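Enquirer: Quick check, what structure comes out for this input:
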Amino acid sequence: MEAVVIIMALLFFVVVALGVYGTVKAVGAARRGVDRTITQARRTVEDTTLRAKSYGQVGMGSELAQLRLSLRTSMRATQEALATGVTVDASLSESVALFERLSEYGHQLDDELRRLERDPDKARAAERIPELRERTEQVVHSADSLRWAVRDRARKFADDDLASLSEQIRMESGALRHWAAVDPDDAPGAAAQGPSRTWAEPGDGVTGANGTSGVSGTEERKAADSGPQAITARDPQRQAPYPWQKAPRPESTT
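Expert: Model prediction:
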């Protein structure tokens, strides 16, 4: 009895532990989903605000908004291209490491541009715009170069695979269309082995079921080698009889 109680208690604790573990995992997944949604929404709001500033303002505010927007767009597109490419091409791991280092400079530059937008000293901020523009263009150029290199590599592999597949399909199509009529007399071993059929054929010199004999095989081959004949009606009396045909009756002279 005590053993049963102990077993039931252990089962109860196992079930409770599994329930707690599942609840923690579910809460963690839900929290990550909420954080991802919040981050995405915040990013969308920031991009929309930057677009509005770049088109709705003039002067330093518009230029800073354009710099931030181009920086964020380029870095995000490169990150997505690398994340997609590394799943099918493991050699892109070094490119991912280089992009992570570039991302650090990109985040620092974006923070600096954001602080410059809120700086009350507009004259001092305007003096730093050329330097920030040059740094932004450098980071954007590096990100674009890495992204297009990844895309060119993927396209090159896809083109090579398509060319190889097309060549295989071409060879298979040629093999499927390759047929040739083989003359049984020209086939190897045909004269030694003879015909593979075991029943009488018309004109093979074997006596038929009605007791009549057909044309010899030599005469039949000569007739076949003489070329195509004209499409005319044959004389039924000269036609070689088949085993299942009855002998024609002679015409009555009376």
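
Enquirer: residues of stretch 62-81 that come out buried?
Expert: 63-72, 74-75, 78-79, 81 (16 or more other CB atoms under 10 Å). The way it works is simple: take the backbone N, C-alpha and C, and place the C-beta from them, glycine included.

Enquirer: Only C-alpha atoms, please: export it in CSV.
Expert: C-alpha atoms of stretch 62-81 as CSV (Å, rounded to 0.1, in the frame of the first residue of the first chain):
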residue,chain,number,x,y,z
SER,A,62,14.8,66.8,-43.7
GLU,A,63,18.4,65.9,-44.5
LEU,A,64,18.9,64.2,-41.2
ALA,A,65,15.7,62.2,-41.7
GLN,A,66,16.7,61.1,-45.1
LEU,A,67,20.1,60.0,-43.9
ARG,A,68,18.6,57.9,-41.1
LEU,A,69,16.0,56.4,-43.4
SER,A,70,18.5,55.4,-46.1
LEU,A,71,20.8,53.9,-43.4
ARG,A,72,18.0,51.9,-41.7
THR,A,73,16.6,50.7,-45.0
SER,A,74,19.9,49.5,-46.4
MET,A,75,21.0,47.8,-43.1
ARG,A,76,17.6,46.0,-42.8
ALA,A,77,17.6,44.7,-46.4
THR,A,78,21.2,43.4,-46.0
GLN,A,79,20.3,41.7,-42.7
GLU,A,80,17.4,39.9,-44.3
ALA,A,81,19.4,38.9,-47.4
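
Enquirer: follow-up on the earlier one: select, from the buried residues of stretch 62-81, the two members most distant in space.
Expert: 63 and 81 (27.4 Å; CB to CB).

Enquirer: just to revisit the earlier point, return the subset of the buried residues of stretch 62-81 lying in helices.
Expert: 63-72, 74-75, 78-79, 81 (DSSP state H).

Enquirer: Verify the assumption that residue 88 is located in a helix.
Expert: No: counting by DSSP: H, G, I helix; E, B strand; the rest coil, residue 88 is not part of a helix but coil.

Enquirer: sec struct for the spatially closest residue to it that is not a sequence neighbour, please.
Expert: Excluding its sequence neighbours, the residue lying closest to residue 88 (CB to CB, 6 or more residues apart in numbering) is residue 154, at 7.9 Å. For residue 154, the assignment made with three-state DSSP gives helix.

Enquirer: So residue 154 is in contact with residue 91, correct?
Expert: No: assessed by CB atoms under 8 Å, residue 154 is found out of contact with residue 91, at 11.5 Å.

Enquirer: Settle it for me: which of these two has more neighbours?
Expert: residue 154 (16 against 9; other CB atoms under 10 Å).
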